[in-house]
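1. Next one to model:
(chains A and B)
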Amino acid sequence: MQKVWFTVLILVYLDFSVRVGTVPVCAYGPAGCKVPSLADLFERVIQQSSRMHGMSSDLHSEFEQSLSPNKNLIGKRRCHTYAIRTPDDKENAQRLGREQLTEVILKLLEAWNDPLSHLYWSLSQDQNQDFSYYSPSKALEITDMVQELRDGVEKMAQKMKLEGVTGNTVGSISPESLVPSFAVSFYKRGGLDSVDHHDLLYCFRRDSNKVKNYLHILKCTTLPGLVC
Amino acid sequence: MMRKAGEIILLLLLPFVMTHADGTHYRMPGKPTLTSCRSPEKETFTCWWEPGPDWGLRTTYALYYRKENSEMVYECPDYRTAGANSCYFNKNDTSIWVNYNITVVATNSAGSTFSDSVDIDVVYIVQPNPPERVTATILEDKGWPFLRVSWEPPHKADTRSGWITLFYQIRVKLEGESEWEMHYAGQQKTFNIYSLRSGGTYLVQVNCKPDHGFWSDWSSTSYVKVPEYYTRERSVWLLIALFSAFIFLILIWLIHMNIRSLKHCILPPVPGPKIKGFDRHLLKNGKCDEVFSTLVVSDFPPTMSSNYEDLLVEYLEVYIPEEHELMLEESKDLHDGFLKSEGSASDSDSGRGSCDSHTLLMDKCGEVKEKQTDQEGGRMGTEAHTQQADWDESHEDMVSPDMSSGRVKTWPSVFSPLPQYSPSPLHHPNTLETAWQQQQHYLSDTLLPADSLSSDLSQAGHNIKDTPSSNYWKFCLSNKRPHLLQTDARWHLQAHSDVNISNISHKEAPACTYLSSLRSTEYVEVQRVNEEDRVLLHPVSSERHDGKDCLQLCHGEDYSKVKGVDIDNVLLLHREVMEEEVDMCLCDNQETNGATESCYTTITPQKPTSCIQAQAMSGYVDTATMFAQPSH
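-> Numbers count the residues shown, from 1 in each chain, chains lettered A, B, ... in the order given. Have a look, this model is predicted:
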């Protein structure tokens, strides 16, 4: 018994002593490793958003084909992100400014995290198989993409702040402030039927387009030397 | 009463009037359809519809739209800007990322007809205008031209602010071609095209597309002409052509230089007839007589009247029996052979030289026959000539016993009467035949005109060809038989060196010429041996044969029999024997036979009284020495 305790103590001690400290990479500035420039960040982000939009379009078209041509539902659709005020034309978008635009982007991306996970869970659970076999995996991929994009946009915002492009008005956006559980409750709890899937994907496709467009605007207004 | 009539008339006319008032059948307007809605810059958009049949009625169309999540219905703000049956939404009325529900209503007096609703999102109906200011220019890159195309986005599309992202496409073709060459240019506004055709005119067009939308129409065509230039390929081909032409010229020149040898190689000349004295031209001319005249040899066939049998005198058969018995046998055989030969018309000799001979010569016969060839005969003939020539040279030395080296006087071994023919008989003393020939030569030459002899000999040599056993000369000592008969092949002593040929004359010699019937020039006959132990030779001529002489000769010392050859290569001769000896020639005379017999008989007890010592010099026996030293 004593031996057992002794062994446990040793293990605990080792656990504490051998704990690996985590240090973020490139924490100590340019001497440590190379930080990508703003232009590079923009390029990467835009590419990511473009890819995300492409995948959403593919998913949506898959669902649209399987769905019965009941177009009347479209008019009554309401995306859960309708509360987020997004500029709906060029003037409004330009009027908004970089910081707010960035904020809007981040809000949008954040708003879609949970619904997409829910979608994936719902698709994987669905027994009907009225969509392609790869849809669940695609949904999962999109979910990851949204996450990565959001991280990238955040970094880009920080970079912009660092370079003085944007002011300090952009604060850390708490994802819970906007649509805490609204998104999930917006849609049916529990299993989503195919109609819900279709609406969800339709909304997501639109929002990814918005994100992509806003990022383009950001890039071309922030760095005019680039190809715009 | 009047009122009622009027009312009735009105009632009757009412439907009629009513129908006329409507014109045609009362019908609702046809259902219109929305064909398309397009936005050129994602800021405004236009919708077009297709009206349905209006039945001739005045129909009005109205477009109503409803925005997403709103129950408000709005009507099209602008029906004119975009043309007929269109609705133009300006910037204020256009919202992006908003779902529009659009419906067209056709209204006529009969009613209204609603079209099918269409939901559109402006983002996805963007179709920009074509790119503007497309320029195509020819530039040079290290000497090689290329085409640079540059353009600008449509002025309406705001790509500067990043509101729209456009992607471009170029198509190029040569003037006159039907297929366009497509190039995708991405987001760049310039593009280079290489590998142009020299001197060609190119047509260039550009169009664009937003990231999500439709391709625009093609821009206006730009024409560009490529200046003339020589491609590397062309210059290379030029060089190759020049080089090959040069090589070709060289080849032609070489062929020209060597045309003859080439002709000879490729087309070897066909050998024509080469007949000595044959003139083809004469033949062509058709004069056959002249042509063939040259071919005719005057002396062929031999015009000399000679019996065929005369020509058969070729054999020089030397036979030296070692013992008396053999001699006797031979004599008998000779006799038999003689008898035989008499009866036969063919060449009948003692047979010793032929295969029929049962003597020792038979062993050699096979060899002889094998060796007998025309060549030998010919050679013998030539030999005769050569030997004669040699002899002629040494004519003066004739008397001297020492002839030129190589002159064989006697031969050591008669039992090899068939000498192996050697190419140089003069220097090969072992050749019995050659010895004989030489003897023949010498004797004949002196006794007879040289030229005739030589010719005879040559002919004899030629004739020898015909006979099977032509290796040796046969002395025919019979004049009876016209053909060559060899009676006694035992001994033929040719001691030409010591022979006083000058003394020998035809007249001196008995008329018996065994060889007379033959071409006497071919034969030399030993007349006798004089006191000085000299063998007197007697040329045998055809005219001088005398049958009677045969006997005499038979009795005469025609032959000196060689008894044998002792160990020292000394030729032992029987002098006395010769006197009594009957010539072994083929005398078909009984008396001669008897004489022969008697001769033979006398011979036997005789002992060699004269021994001629022959000094064998490399196989040849020098008879001169023998005579010089008479043994007895």
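2. Just to check, B:S216 is in contact with B:K209?
-> Yes - the pair B:S216 and B:K209 qualifies as a contact (Cβ atoms under 8 Å) at a distance of 6.7 Å. Using the backbone N, CA and C atoms, a C-beta is placed for each residue, glycine as well.
3. more neighbours, those two?
-> For B:S216 and B:K209, the more surrounded residue by other Cβ atoms under 10 Å in any protein chain shown is B:S216, and the numbers stand at 24 against 17.
4. pLDDT weak spots in chain A?
-> In the predicted model of chain A, residues A:19, A:21-33, A:67-77, A:126-134, A:167-195 satisfy pLDDT under 70.
5. Would you point out which residue of chain A is nearest chain B?
-> With Cβ to the nearest Cβ, the shortest gap between chain A and chain B falls at A:C220, namely 3.1 Å.
6. What is the burial count for whichever residue of chain B sits closest to chain A?
-> Going by Cβ to the nearest Cβ, chain A is nearest to B:G162 of chain B, at 3.1 Å. Neighbourhood size, B:G162 [other Cβ under 10 Å]: 25.
7. if I pick it, what's in contact with it?
-> Shown in contact with B:G162 (Cβ atoms under 8 Å, 6 or more residues apart in numbering or on different chains): A:213, A:216-221, A:228.
8. Near chain B, which residues of chain A? Just list them.
-> With the criterion set to Cβ under 8 Å from any Cβ of the partner chain, chain A comes near chain B through A:50, A:53, A:57, A:71, A:74-75, A:77-78, A:82, A:86, A:88-91, A:93-94, A:206, A:209-210, A:212-213, A:216-221, A:224, A:227-228.
9. Point out the ones among the contacts of B:G162 that are inside helices.
-> Counted as lying in helices by DSSP state H, out of those, are A:213, A:216-221.
10. Where do the helices of chain A begin and end?
-> Going by DSSP H, chain A shows helices at A:2-17, A:38-66, A:72-75, A:90-96, A:98-111, A:113-125, A:135-162, A:175-178, A:182-186, A:194-222.
11. B:Y319: which of these is closest?
-> Smallest distance to B:Y319 across these (Cβ to Cβ): 129.5 Å, for helix A:135-162.
12. residues touching the residue nearest in space to the middle of chain A, list them.
-> By Cα atoms, centre = their mean, chain A has its centre lying nearest to A:V146, at 2.8 Å. Taking Cβ under 8 Å, 6+ apart as the criterion, A:V146 is in contact with A:52, A:109, A:112-113, A:116.
13. at 10 Å instead, please
-> A:48-49, A:52, A:56, A:108-113, A:115-117, A:204, A:207-208, A:211 (Cβ atoms under 10 Å, 6 or more residues apart in numbering or on different chains).
14. Filter these down to the buried ones and express that as a ChimeraX selection.
-> Entered in ChimeraX, the line below selects the buried ones among the contacts of A:V146, by 16 or more other Cβ atoms under 10 Å in any protein chain shown:
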select /A:48,49,52,56,108,109,110,111,112,115,116,117,204,207,208,211
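15. Which elements pack onto whichever strand or helix holds B:L34?
-> Using DSSP states H and E, B:L34 sits in strand B:33-38. Where contact means 3 or more Cβ pairs under 10 Å, 6 or more residues apart in numbering or on different chains; DSSP states H and E, strand B:33-38 is packed against strand B:45-50, strand B:86-89, strand B:99-107, strand B:118-121.
16. just those strands: most buried one?
-> strand B:86-89 (a mean of 23; mean count of other Cβ atoms under 10 Å in any protein chain shown).
17. what about it, near chain A?
-> No - residues of strand B:86-89 contacting chain A under Cβ under 10 Å from any Cβ of the partner chain: none, with a closest distance of 11.6 Å.
18. Need the residues that contact that strand.
-> Applying Cβ under 10 Å, 6+ apart, the set of residues contacting strand B:86-89 from outside is B:34-37, B:39, B:43-49, B:61-65, B:74-82, B:93-95, B:100, B:102, B:104, B:122.
19. Convert that strand to CSV, retaining C-alpha atoms only.
-> Extracted in CSV, the C-alpha atoms of strand B:86-89 (Å, rounded to 0.1, in the frame of the first residue of the first chain):
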residue,chain,number,x,y,z
SER,B,86,-38.3,45.7,-69.6
CYS,B,87,-38.0,47.0,-66.1
TYR,B,88,-34.9,48.8,-65.0
PHE,B,89,-34.0,49.0,-61.4
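20. What mean pLDDT does that strand get?
-> For strand B:86-89, the per-residue pLDDT values average out at 93.
21. Stretch B:135-142 now?
-> The average of the pLDDT scores along stretch B:135-142 is 90.
22. List the contacts of it.
-> B:145-152, B:170, B:172, B:190-194, B:196, B:202-206, B:221-227, B:229.
23. hmm, try it at 7 Å
-> Under the criterion Cβ atoms under 7 Å, 6 or more residues apart in numbering or on different chains, residues B:145-150, B:202, B:204, B:222, B:224, B:226-227 lie in contact with stretch B:135-142.
24. For B:I96, grab phi and psi.
-> Per-residue torsions, B:I96: phi -90, psi 150 (degrees, to the nearest 10).
25. contacting residues for it?
-> By Cβ under 7 Å, 6+ apart, B:I96 lies in contact with A:88-89, B:42, B:122-123.
26. Looking at neighbours, which among those residues is most surrounded?
-> Of those, with other Cβ under 10 Å as the count, B:K42 tops at 25 neighbours.
27. Get me the contact residues on chain B for chain A.
-> Residues of chain B that fall close to chain A, judged by Cβ under 7 Å from any Cβ of the partner chain: B:43, B:69, B:94-99, B:101, B:119, B:123, B:158-163, B:165, B:187.
28. let's see it at 6 Å
-> Contact residues (Cβ under 6 Å from any Cβ of the partner chain) of chain B with chain A: B:69, B:95-98, B:101, B:119, B:123, B:159-163, B:187.
29. which ones among these are found in strands?
-> In strands, judged by DSSP state E, the following of those are found: B:101, B:119.
30. Make a markdown table from the residues of chain B next to chain A and add pLDDT to it.
-> What follows is those, written out as a markdown table (pLDDT from 0 to 100):
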| residue | pLDDT |
| --- | --- |
| B:N69 | 79 |
| B:S95 | 90 |
| B:I96 | 92 |
| B:W97 | 92 |
| B:V98 | 91 |
| B:N101 | 92 |
| B:D119 | 90 |
| B:V123 | 93 |
| B:T159 | 90 |
| B:R160 | 89 |
| B:S161 | 89 |
| B:G162 | 89 |
| B:W163 | 92 |
| B:Q187 | 91 |
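31. Please report how far A:P36 lies from A:R44.
-> Distance of A:P36 to A:R44, given as Cβ to Cβ, to the nearest Å: 7 Å.
32. so B:N85 makes contact with B:W49?
-> Yes - B:N85 sits in contact with B:W49 when judged by Cβ atoms under 6 Å, with a separation of 5.3 Å.
33. what about the helices in the stretch 1-150 of chain B?
-> B:2-22 (DSSP state H, counting those that start in this stretch).
34. In it, where is pLDDT below threshold?
-> By pLDDT under 70, the low-scoring segments of the stretch 1-150 of chain B are B:14-25.
35. Next: chain B.
-> For chain B, applying pLDDT under 70 flags the ranges B:14-25, B:230-232, B:277-280, B:282-283, B:286-288, B:290-317, B:321-562, B:565, B:569-632.
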